[in-house]
Each structure stands twice: as C-alpha cells, then as structure tokens.
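# Show me the folded form of this:
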Amino acid sequence: MLPEEALREKRVEEQTIKRIVRLRDIYNYMLRNPLKKDREYIDYIQANYKDTDGNSLSKRKAYEDIEILHAVIGNLQQCSKEWHRWRFNNMIMEGYAIALRHEDAAAIAKLAQQYGKYNQLDKNDERDNGLSEVPHLVFVFDVTVQGFQPIPNVYQVIDKLFNEFAGRYDRIAEDADAVEIANEPEKLPAHGNASTVSE
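Model (predicted):
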C-alpha cells in the first residue's frame, strides 16, 4: 500500500508499479460494487486500462487481476449480511454528506429517516427478560454437593480395578452368566414370569 514514489525509491519496476495501482483501483471498484459479476469486473478493467501497445487489456490479464483480488478479499457475492449492513449505512452517510454540501433539506431529511428506520432507532433496546436472574453456576469436583459419599483413596481404587481387570477377558467369561441360544426361539428357557418366546 505504499505510494508510487515510495515504490520507485525501492526500485520497483515501473510495470509492476502500474500493476499495483491497477489492482488498487479494481479493489476499490469491487468494494463499491460488491454484487457485480466477474464478467462486469472484466468489462471495467478492459474499459479503463490499456496494455503497452495502447490496446485494451486482454481478458487473460484481466482475469489474472480478478483472481489475485479474489484471493485477497474473497468472493464479495458470498459476503455476510453484516458487511452489507455496514455498506448500506456507509452509502447513506455518503449521500447525507453530499446533501449537506448542497444544502438540500429534503434529501437530508429523507436520508436521516432512512438511516433511523434501517437501524430501528425508533424502537427500544431489547430488555434483559430476566436473564440476570438465572443463578450463577459454579462447577466443583466435590461430589458431596450432590449428596454422594466420596470414595476414599479413589485413585488407588482405580489402579486396583485396572490391574485386576485389564486384559483379563478370561475372567470376564468366567464371571458371566451365559445362556446358550438355540436356533429355535421356542426352546429358550423361561425365567420367572416371562413367557416363552415363540415365532
């Protein structure tokens, strides 16, 4: 973003300086017209810039410029509503400044009305709606807060259980109450009041 003279002092080539100046101008044009298509940006570049032979800049060069700027500022057609709100407010303020310079009272009043309406200055700010009354939550590691009794030496208990059961799948098989499943569901033993399963 250095001025042209500062770029020349740094011995930047004149052709590169012209490219930087062109990119700056296209960048500002894109910001002023964020909803235009790439084709329209290309038309603007070709209408305003010439190559070394004095002809309109080629489409290939124009597309190169657009590609560089998309990398810098992204695709403005996908920008957020917040950006458009900011842009709209900025446009109103620019118009307001022009109306003031021309002492156009009707335009000043209309722009002020649009600004107030768009920003909803006629409405009261939203109230708290009781959110301040929500109790403040404090997270603690004390289980007695919830009525539980802490396990004495809990880390020793964890280590003991881990050493006892880690990798001992045979122990799990021995302790399990397994029931052989027959191919025919009606042959399953009935337990308690449960009825026999049938097809």
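# in the longest helix anywhere in the chain, what's buried?
In the chain, taking DSSP state H as the definition, the longest helix is helix 81-101. Within helix 81-101, the residues that count as buried by 16 or more other C-beta atoms under 10 Å are 87, 92, 95, 96, 99. Placement of C-beta: from N, CA and C, glycine included.
# Quick one: residues contacting residue 46.
Counting by C-beta atoms under 8 Å, 6 or more residues apart in numbering, residue 46 makes contact with 56, 57, 59, 62.
# what's the domain layout of the chain?
Domain assignment for the chain, taken from automatic domain parsing, gives 4-78, 81-118.
# Output those in a markdown table, with distance to residue 139 and mean pLDDT appended to each entry.
Formatted as a markdown table, the domains of the chain follow (distance: least, C-beta to C-beta, whole Å; pLDDT from 0 to 100):
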| stretch | distance to residue 139 | mean pLDDT |
| --- | --- | --- |
| domain 4-78 | 40 | 86 |
| domain 81-118 | 34 | 86 |
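# what would those look like in a markdown table with distance to residue 154?
As requested, the domains of the chain are exported to a markdown table (distance: least, C-beta to C-beta, whole Å):
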| stretch | distance to residue 154 |
| --- | --- |
| domain 4-78 | 53 |
| domain 81-118 | 50 |
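# Residue 72 contacts residue 27, correct?
Yes - Residue 72 is in contact with residue 27 according to C-beta atoms under 8 Å; the separation is 7.2 Å.
# Looking at those two, which is more packed in?
Between residue 72 and residue 27, counted using other C-beta atoms under 10 Å, the more crowded position is residue 27 (15 against 9).
# which SS state does the more buried one fall under?
Recorded secondary structure, residue 27: helix (DSSP: H, G, I helix; E, B strand; the rest coil).
# Pull the contacting residues for it.
Contacts of residue 27 were listed using C-beta under 8 Å, 6+ apart, and they are 69, 72, 73.
# try it again with 7 Å
Residue 27 makes contact with 69, 73, according to C-beta atoms under 7 Å, 6 or more residues apart in numbering.
# and it, how far is that from residue 136?
Computed as C-beta to C-beta, to the nearest Å, the residue 27 to residue 136 distance reads 48 Å.
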